[in-house]
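*Asks:* next one to model:
(chains A and B)
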Amino acid sequence: MNHLLPTNQTIILDQASVTIEKFLGSGAQGEVYQVLVDNKPFALKWYVPKAASTDQKENLDRLLDMGPPSSSFLWPLEIVTSPQGFGFLMPLRSPQAKGIVEIYSRRSPVTMHMLTTICINIVDAFSDLHSKGYCYKDIKSENIFFDPKTGDISICDCDNVAIDGESYQGIIGTMGYSAPEIDRGEAQPSIRADLHSLAVLLFKILHLHHPLEGMRETAIKCLDLPARQQLYGDDPLFIFDPINKENRPDPVHHQTVLAHWPIFPSFLKKLFIQAFTDGLHDPDCRVRETVWKQALAKLRDSIVVCQCKANNFYDIAHSKVAPHGLCWRCKQRMPPPVQLQVGKEIIILNPQTTLYPHHVETGKRYDFSKHIGTIVTHPKKPQKWGLQNLSSTPWSITLPNGISKEVPAGKSVGLGNQVIINFGSTEGVLTY
Amino acid sequence: MEKNNSFRPGGDMASRPLHFIYIADCSGSMGMDGKIQAVNEAIRESIPHIKEAANDNPQAEVLIRAITFSSEARWHIGEPTPVEDFTWKDISADGWTSMGAALSLVAQQLKMPPMSNRALPPVLVLISDGQPTDDFEQGLQELFAQPWGVKAVRLAIPIGEDHNMEVLRRFINNPEIQPIFAKNAEQLKAQIKFFSTSVLKSVASSPSMQQGDKGSNVIMPDNALILSQQNTTSVGDVW
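*Replies:* Predicted structure coming up:
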């Protein structure tokens, strides 16, 4: 098939010989290939003539100077040129990385633990970018990939990253993710506009549905550009707006979001309501990344797994599984979950629970960089759980009868009611 | 509705039908110089690419059909077929060029019903090598009398020396989209692949926007790749 560059051939660019191995995909501005340079694998993006402007090259130069905000970004490494045009080299996505569309299509089952981890990593990455004064401009699921084993993410198409507040040519966003003021042509892309796109992305990952598509969407016969402009830009309305119910999900076409929304705890719902009521109209009211991170970490610590395997969430504020104390799948009343309270924080324990420095080390809030502990189940009695010490230092536990024991690194402690675990700088109490 | 063995509730993401309709000329002249064979090959080769585009867009339910026209127009594959079930049956060439009747058939199917009142813009791909020999205007008017006909993304591929660009432009009726002449079998494949991937994706989910993009009802992907091929002369053109 014909592309901008010939596949299975080596081409001579001004900077290096590049072997084009295969075509990976195309976008609005060019095509991406898997290549070898000096026998090392890279991805190469090559621009179509219309996009190969001086402005684009200057932006690339700036990004090369800046360097990636974190390892989550597949960042431009080097500009490559030829008399016919130019492009840039960037790291190749890892072969096991999957697109967010794998979550949307439900082709691979993903636990809530993994979903929340992916969401935390997405928020972290854009927070790193924004803290440097840059905006991404085109946050959407098609630009993000995840490792299904770890939840680590990779963000591609970084060549349109720009300084916040500067006006420029080029990409301004994608309908459905772009902020309403961008859709209406009232503003340029910015960090605050990115925050709207981020909120849409998080809602879609967690609910498999767009936050602004309710009865107003069903009333539209042809969902084309003018229709999207109206739905997302001119007159956006959250499907769960507390006051205006005109855009509630359609009971026939929108069953999936109707099944998801109730199972999330109230503290998360509150943030989505903020993002898609005040946040729709006032960019200053959008939910900031630090707030998302706090809520998503708490969400991950609220997961309860029913005996039927369904993932539910324990709403600590209401002392029951959201919304009514019953498992969403088997409708059985769920017993009070096993909990670990460390200081003021409550962590609901389930078979996938991992403890991070965030949970048990003072001064390490939102540090999820290593595993400090994990739940293990007794090989012969799966209803008996233990907590394995994955840190490098011993814990000590105090049983209700006052007896103390040490839990060396690598060993597990059986969970029991009112057992106190001393992790070093903090102490936790179990409710079992 | 709920997916089995899943950790989360609910079923599939909400989706809308995306009707993709091939409208292929199989008049006698298409039997010359390998044109009809090239069309069969190009459509057959496009199927895996349509599958991939559909896989990447769970919010679109891609349904494919085909009309052929020669002395009469008829549905070659009349049932809107999910892409995973779609296979192409070869067409053969014989007769005149009833393009108007073909457009009339399309118009009939774009009425509501059978067309849903909740869908994505249909994509119509017209492939022709010659002049219509019937009442083209009548067919065109019938198509544009249907709101779904107006909202459809209409694309055309002229092939062969005797094609009528003006007629195809009138069918497209959008100054931002031009018919692009397929000079040989390779270019025909490239053009059909472009329509069944990039254009289909643009309809299924809006692509990244640039300033000034909002001219028509779908943001069309850049045709530069296809245009750049047209400028190269290739030895041994098929026709």
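
*Asks:* B:Arg154: what secondary structure?
*Replies:* On the three-state scheme (DSSP: H, G, I helix; E, B strand; the rest coil), B:Arg154 is labelled strand.

*Asks:* number of residues surrounding it?
*Replies:* Residues contacting B:Arg154 under the criterion other Cβ atoms under 10 Å in any protein chain shown number 26. C-beta coordinates here come from the backbone N, C-alpha and C atoms, glycine included.

*Asks:* same check, this time on A:Asp38
*Replies:* For A:Asp38, the neighbour count with other Cβ under 10 Å is 9.

*Asks:* what pLDDT does it get?
*Replies:* The per-residue pLDDT reported for A:Asp38 equals 92.

*Asks:* how about A:Val419?
*Replies:* So, for A:Val419, pLDDT stands at 94.

*Asks:* skipping its backbone neighbours, what lies nearest it in space?
*Replies:* Spatial nearest neighbour of A:Val419, excluding adjacent residues (Cβ to Cβ, 6 or more residues apart in numbering or on different chains): A:Leu430 at 4.6 Å.

*Asks:* that neighbour: what's it in contact with?
*Replies:* Going by Cβ atoms under 8 Å, 6 or more residues apart in numbering or on different chains, A:Leu430 touches A:338-340, A:415-421.

*Asks:* ok, the helix or strand it falls within: who's next to it in the sheet?
*Replies:* For A:Leu430, the host element (DSSP states H and E) is strand A:427-431. Based on DSSP bridges, the pairing partners of strand A:427-431 within the sheet are strand A:339-342 (antiparallel), strand A:420-422 (antiparallel).

*Asks:* could you pull out the buried residues of the first one?
*Replies:* Put plainly, it is strand A:339-342. Under the neighbour-count criterion of 16 or more other Cβ atoms under 10 Å in any protein chain shown, strand A:339-342 has A:339-340, A:342 buried.

*Asks:* ok, now which ones touch residue 73?
*Replies:* All of this refers to chain A. A:125, A:129, A:154-155, A:158.

*Asks:* actually chain B
*Replies:* Residues near B:Ala73 by Cβ under 8 Å, 6+ apart: B:67, B:98-99, B:101-102, B:104-105.

*Asks:* show me the beta-bridge partners of it.
*Replies:* For B:Ala73, the beta-bridge partners are B:Phe69 (DSSP bridges).

*Asks:* which one among the contacts of A:Phe73 gets closest to chain B?
*Replies:* Of all these, chain B sits closest to A:Cys158, with 13.2 Å by Cβ to the nearest Cβ.

*Asks:* wait, the closest one sits on A:Trp75?
*Replies:* Yes - A:Cys158 is in contact with A:Trp75 according to Cβ atoms under 8 Å; the separation is 5.3 Å.

*Asks:* residue 110: neighbour count?
*Replies:* I went with chain A, as the question did not name one. 22.

*Asks:* wrong chain, I was asking about chain B
*Replies:* Using other Cβ under 10 Å, B:Leu110 has 23 neighbouring residues.

*Asks:* also B:Val203?
*Replies:* B:Val203, neighbours per other Cβ under 10 Å, totals 28.

*Asks:* now do the same contact list for it.
*Replies:* The contact partners of B:Val203, by Cβ under 8 Å, 6+ apart, come to A:224, B:18, B:60, B:120-121, B:123, B:153, B:218.

*Asks:* tell me what the residue nearest to A:Val419 is bridged to.
*Replies:* A:Leu340.

*Asks:* could you measure from it over to B:Asn184?
*Replies:* 74 Å (Cβ to Cβ, to the nearest Å).

*Asks:* also A:Phe73?
*Replies:* Taking Cβ to Cβ, one finds A:Phe73 at 42 Å from B:Asn184.

*Asks:* residues contacting A:Ala125?
*Replies:* Shown in contact with A:Ala125 (Cβ under 8 Å, 6+ apart): A:69-70, A:72-73, A:153, A:155.

*Asks:* for the stretch 101-250 of chain A, what spans make up the helices?
*Replies:* Here the stretch 101-250 of chain A has its helices, by DSSP state H, counting those that start in this stretch, at A:101-104, A:112-131, A:180-183, A:191-207, A:215-218, A:225-228.
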